[in-house]
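Visitor: just coords:
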């Protein structure tokens, strides 16, 4: 493990911090894309927003980056049902074209691979 962060690691961390912040600036959007079987949806939106921000900052610290990367990988896997639900439910699709919704699935795998760089 290097003691210096690469430029792409800064982008990765900032991406997650920004995603987490958006949970607080647009909570209704995130509630809309959650499958109905997920309990306490408002709380889950806020919790995942905090989690994304914390992990985004943690991946920017060489002492915590490996734990953060593993947690991000788990989180991204747990988010797959949301992406599937968006494909199945027109309201949850947010008027996005179907090809964009399908593209999000391999994007999750790409983000998982990106996170694995910091393990």
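Guide: Yep, that arrived. For clarity, every value in this text was computed on a predicted model and none was experimentally measured.
Visitor: Enumerate every residue touching residue 9.
Guide: Contacts for residue 9 (C-beta atoms under 8 Å, 6 or more residues apart in numbering) come out as 59, 60, 65, 117, 118. C-betas here are computed from N, CA, C, even on glycine.
Visitor: now for those residues, which pair is the farthest apart?
Guide: Taking C-beta to C-beta as the measure, these span a maximum distance of 13.4 Å, between 60 and 117.
Visitor: which regions of the chain lie under the pLDDT threshold?
Guide: Applying pLDDT under 70 to the chain flags residues 1-3.
Visitor: sec struct for the residue nearest the centre of it, please.
Guide: The geometric centre of the chain, computed from its C-alpha atoms, lies nearest to residue 76 (C-alpha atoms, centre = their mean), at 5.7 Å. Three-state assignment for residue 76 (DSSP: H, G, I helix; E, B strand; the rest coil): helix.
Visitor: ok now do it, which residues does it touch?
Guide: Contacts for residue 76 (C-beta under 8 Å, 6+ apart) come out as 108, 111, 112, 115.
Visitor: mind running it again at 10 Å?
Guide: 107, 108, 109, 110, 111, 112, 114, 115 (C-beta atoms under 10 Å, 6 or more residues apart in numbering).
Visitor: Of these - the most surrounded one?
Guide: residue 115 (23 neighbours; other C-beta atoms under 10 Å).
Visitor: Quickly note the distance from it to residue 20.
Guide: For residue 115, the distance to residue 20 equals 15 Å [C-beta to C-beta, to the nearest Å].
Visitor: Select from the contacts of residue 76 every entry located in helices.
Guide: Judged by DSSP state H, the contacts of residue 76 include 107, 108, 109, 110, 111, 112, 114, 115 as members of helices.
Visitor: Just send the contacts of residue 76 back as CSV, with distance to residue 49 too.
Guide: Output for those, formatted as CSV (distance: C-beta to C-beta, whole Å):
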residue, distance to residue 49
107, 19
108, 18
109, 23
110, 22
111, 17
112, 20
114, 20
115, 18
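Visitor: Alright, that wraps it up for me.
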